[in-house]
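**Q** Sequence below, structure please.
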Amino acid sequence: MEFIIRKAKIDDVNRIHDLTNSMASEGLMLPRSKYKIISMLLNFYVVADENDYVVGAAALTPLWTDMAEIMSLSLDKDYHKQGLGRKLVEYIIQEARAIHFPKLIALTYQVEFFKKMGFTITDKDQFPRKLWRECLECPKLERCDETAMYLDL
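**A** Okay, here's the model as predicted:
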């Protein structure tokens with residue numbers, strides 16, 4: 001089966017919502033509201049099959065001129081271990097480089113995956129703009145259990 005990576009469309013919102021919240025229900029990521037996905041839609045990329053069925057998604061979100069974040073990386077569980085998550089992250093890294101972001105960050109529970117992608121563990125305090133933008137809305141603000149990681153581009 002052939003897969004493509006493309007910018008997300010409004011028709012993809014429900015599927016992105018399903019993917020992210022399915023993984024969140026398994027404790028693999030934090031949930032996202034449909035409103036949040038819609039408000040970030042221009043940042044999302046999806047992996048779609050030859051019938052344009054979305055099997056994965058992730059967002060490249062600028063935090064400031066010095067860094068962007070890869071957010072809401074999600075993949076349909078039927079498509080795990082096929083290299084699609086890796087291809088999506090590689091694509092987003094290329095996009096971040098093309099825009100000239102010097103650093104890409106991730107707050108994640110998938111530490112080993114991101115290590116394989118070249119990311120390094122760091123302290124969350126290195127990302128104060130992330131705190132201002134996203135973390136203040138998070139129900140886990142005071143007891144965050146995600147790991148902060150970065151990739152110099």
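**Q** residue ranges for the helices of the chain, please.
**A** 13-25, 34-39, 84-98, 111-116, 128-133 (DSSP state H).
**Q** mind checking which of the ones you listed is nearest residue 66?
**A** helix 128-133 (8.4 Å; C-beta to C-beta). Using the backbone N, CA and C atoms, a C-beta is placed for each residue, glycine as well.
**Q** Between the helices of the chain, which one is closest to residue 147.
**A** helix 111-116 (5.0 Å).
**Q** Return the set of buried residues in the closest one.
**A** Neighbour counts over helix 111-116 (16 or more other C-beta atoms under 10 Å) mark 113, 114 as buried.
**Q** follow-up on the earlier one: kindly reformat the helices of the chain as a markdown table and extend each row with mean pLDDT and distance to residue 48.
**A** Converted to a markdown table, those look like this (pLDDT from 0 to 100; distance: least, C-beta to C-beta, whole Å):
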| stretch | mean pLDDT | distance to residue 48 |
| --- | --- | --- |
| helix 13-25 | 94 | 9 |
| helix 34-39 | 95 | 16 |
| helix 84-98 | 97 | 10 |
| helix 111-116 | 96 | 21 |
| helix 128-133 | 50 | 28 |
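**Q** what about those helices, which gets the closest to residue 1?
**A** Per C-beta to C-beta, nearest to residue 1 of the helices of the chain: helix 84-98, 10.4 Å.
**Q** So for the closest one, what gets flagged as buried?
**A** For helix 84-98, by 16+ other C-beta under 10 Å, it's 84, 85, 88, 89, 91, 92, 93, 95, 96.
**Q** same for it, what does it pack against?
**A** Contact partners of helix 84-98 among helices and strands, from 3 or more C-beta pairs under 8 Å, 6 or more residues apart in numbering; DSSP states H and E: strand 3-7, strand 44-49, strand 54-64, strand 67-75, strand 103-108, helix 111-116.
**Q** what does the fifth one contact?
**A** Looking back up the chat, that one is strand 103-108. Strand 103-108 has contacts (C-beta atoms under 8 Å, 6 or more residues apart in numbering) with 29, 63, 66-71, 73, 92-93, 96, 114, 119, 124, 127, 130, 144, 146-153.
**Q** same question, the shortest one
**A** Taking C-beta under 8 Å, 6+ apart as the criterion, the residues outside strand 3-7 that touch it are 42, 44-50, 55, 84, 87-88, 91.
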